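Colleague: got a sequence here, can you build the structure:
(one chain, ligands or ions: 2)
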Amino acid sequence: MEQGGKFLELYKSPSIVLGRWVLLSLYLPWLLENLRFQTERWAMTQVEPKKRVFSGIQPTGKIHLGNYLGALKHWVENQSQFDNIFCIVDLHAITIPETVKPDEFKRKILEVAALFIACGIDSKQSAIFTQSHISAHAELTWLLNCVTPIGWIERMTQYKSKADRLTTVSAGLLDYPVLQAADILLYKADRVPVGEDQKQHVELTRDIAQRFHSLFGEVFVIPEPMIWSSGARIMGLDDPTIKMSKSLGEQRKGHSIGLTEPPETIRESILRAVTDSGNEVRFAHGSAGVRNLLEIFEVISGKTREEIESHFHGKGYNFLKREVADQVIAALQPIQDQYSRIMADPGHLQQILREGADRVRPMAEETLRRVKRSMGLV
Ligand code: AMP
Ligand code: TRP
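Modeller: Ligands and ions are numbered 1, 2, ... in the order given. Now for the predicted structure:
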């Protein structure tokens with residue numbers, strides 16, 4: 001007892017108190033530094049979750065070189081960087097009902113799935129599925145329809161150009177971009193890798209999400225389009241003033257290059273590609289047709305513009321066309337080989353699509369539930 005009292009006295013003596021403070025002031029910076037170091041080390045071990053990518057292709061017409069260079073090729077190249085969801089958007093493919101061929105639909109969906117895989121999409125790493133297999137797409141579209149001012153969708157250039165060519169325009173064609181917004185927002189996608197023509201639709205998706213947030217509170221991730229500087233707008237070979245398109249590819253020989261087309265017809269279409277009467281092979285000064293061929297060469301070869309221009313210097317258009325044809329044929333050959341192999345087992349493809357849908361359905365349903373809850377529907 002007495003011992004304890006003495007110790008307490010000593011402990012409280014001014015010199016000991018001072019000593020304690022000196023020690024503490026020496027020790028404290030070391031302690032803080034150590035804490036900072038440990039925190040940084042812990043933070044480094046916390047791997048940031050991958051950003052999510054969502055994109056889609058319609059199972060219609062002839063999947064072409066524009067689809068590959070503007071979208072598919074980039075999906076494959078960036079696959080390991082992202083958490084990917086790739087969708088075969090069959091509900092978008094019925095918005096012009098006169099063109100729907102029910103007997104061919106099932107096969108077309110399998111063909112697109114096979115092409116995804118043949119181009120290098122790994123179904124273990126990326127979910128591949130069919131849009132109509134997840135009913136949340138149609139359901140969220142309705143909810144988003146109710147927050148989308150009609151003027152926003154009437155302004156879409158794709159709608160205007162398609163509607164101009166039709167005698168009867170379906171409500172679905174006008175609503176097409178709202179369904180696309182639902183696709184993207186359901187999965188909280190951060191990035192949407194697409195060709196140039198889809199930029200406006202992704203921007204509309206952002207506007208719809210933001211309007212929803214201002215009305216009912218935050219639910220969605222605001223996505224960003226991912227558009228590459230080359231290959232985002234491949235033009236028709238027979239008419240380089242218009243975009244290479246799936247439907248024209250079916251109607252006009254020499255318009256597009258189908259990914260599964262035989263080498264002879266690929267070569268023929270490229271050799272017949274519209275250029276001009278000059279012979280200068282330059283990116284900046286070439287006509288639309290020459291620039292298109294150069295851009296195809298650029299994306300496939302991976303060479304810089306300077307390297308390409310010096311390669312073609314003084315060689316003329318015929319040489320350019322022959323070289324582009326060789327490049328395209330060589331790039332598509334392995335894809336075509338894989339494609340035939342994959343298409344030989346439709347049962348396996350169907351299983352991949354089923355598993356893909358099962359994998360992503362819970363995400364879609366969770367978002368839909370949150371949207372309904374924030375609107376007071378559940
Ligand atoms: P779609 O053919 O409309 O189903 O488009 C599928 C994807 O290919 C989308 O990301 C489009 O932006 C892209 N795409 C379509 N046509 C072209 C083209 N001519 N050049 C580059 N990308 C394209
Ligand atoms: N509208 C796109 C096209 O025609 C296809 C598409 C549908 C899409 N839903 C999507 C693309 C969602 C990106 C994200 O090319």
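
Colleague: could you point out the longest helix in the protein?
Modeller: What stands out as the longest helix in the chain, according to DSSP state H, is helix 14-45.

Colleague: is ligand 2 contacted by whichever helix or strand comes after it?
Modeller: Using DSSP states H and E, the helix or strand that follows helix 14-45 towards the C-terminus is strand 52-57. Yes. For strand 52-57, a contact with ligand 2 is found by Cβ under 6 Å from any ligand atom, at 54-56. The C-beta positions use only the backbone N, C-alpha and C, and glycine is treated the same way.

Colleague: show me what strand 52-57 is packed against.
Modeller: Other helices and strands packing on strand 52-57, by 3 or more Cβ pairs under 8 Å, 6 or more residues apart in numbering; DSSP states H and E, are strand 83-88, helix 171-186, strand 191-193.

Colleague: ligand 2: which of these is closest?
Modeller: Evaluated over the helices and strands packed on strand 52-57, closeness to ligand 2 peaks at helix 171-186, with 4.0 Å, by Cβ to the nearest ligand atom.

Colleague: picking up where we left off before, could you provide the helices and strands packed on strand 52-57 in TSV, with additional columns for mean neighbour count, distance to ligand 2 and mean pLDDT?
Modeller: Below are those laid out as TSV (neighbours: other Cβ atoms under 10 Å; distance: least, Cβ to the nearest ligand atom, whole Å; pLDDT from 0 to 100):
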stretch	mean neighbour count	distance to ligand 2	mean pLDDT
strand 83-88	24	6	98
helix 171-186	23	4	98
strand 191-193	23	5	98
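
Colleague: among the ones you listed, which comes closest to ligand 1?
Modeller: strand 191-193 (7.2 Å).

Colleague: neighbouring contacts of the closest one?
Modeller: Residues outside strand 191-193 that contact it (Cβ atoms under 8 Å, 6 or more residues apart in numbering): 51-55, 71, 74-75, 78, 82, 184, 198, 202, 205, 223-227.

Colleague: ok, and which of those reach ligand 1?
Modeller: Applying Cβ under 6 Å from any ligand atom to the contacts of strand 191-193, those adjacent to ligand 1 are 71, 198.

Colleague: before we move on, back to that, between the residues of strand 52-57 next to ligand 2, which sits nearest residue 305?
Modeller: Proximity of the residues of strand 52-57 next to ligand 2 to residue 305 (Cβ to Cβ) peaks at residue 55, which lies at 26.7 Å.

Colleague: worst-scoring helix or strand of the protein, pLDDT-wise?
Modeller: Least confident helix or strand of the chain, by mean pLDDT, DSSP states H and E, is helix 2-12 with a mean of 62.

Colleague: now the residue nearest the centre of the chain. Nearest residue, chain neighbours left out?
Modeller: Nearest to the geometric centre of the chain sits residue 193, at 2.6 Å (Cα atoms, centre = their mean). Using Cβ to Cβ, 6 or more residues apart in numbering and skipping the chain neighbours, the partner closest in space to residue 193 is residue 226 (4.1 Å).

Colleague: doesn't residue 194 make contact with the one you found?
Modeller: Yes. With contact defined as Cβ atoms under 8 Å, residue 226 counts as touching residue 194 (7.2 Å).

Colleague: more neighbours: those two, which one.
Modeller: residue 194 (23 against 19; other Cβ atoms under 10 Å).

Colleague: I figured that one hits residue 55, correct?
Modeller: Yes. Between residue 194 and residue 55 there is a contact under Cβ under 8 Å: 6.1 Å.

Colleague: domain boundaries for the protein, per the record?
Modeller: Per automatic domain parsing, the domain ranges recorded for the chain read 52-228+345-374, 246-342.

Colleague: can you list those domains in a markdown table and add distance to residue 26?
Modeller: Output for these, formatted as a markdown table (distance: least, Cβ to Cβ, whole Å):
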| stretch | distance to residue 26 |
| --- | --- |
| domain 52-228+345-374 | 47 |
| domain 246-342 | 59 |
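
Colleague: quick check: closest non-adjacent residue to whatever residue of the chain ends up closest to ligand 1.
Modeller: Nearest to ligand 1 in the chain, going by Cβ to the nearest ligand atom, is residue 70, at a distance of 2.1 Å. Spatial nearest neighbour of residue 70, excluding adjacent residues (Cβ to Cβ, 6+ apart): residue 195 at 3.2 Å.
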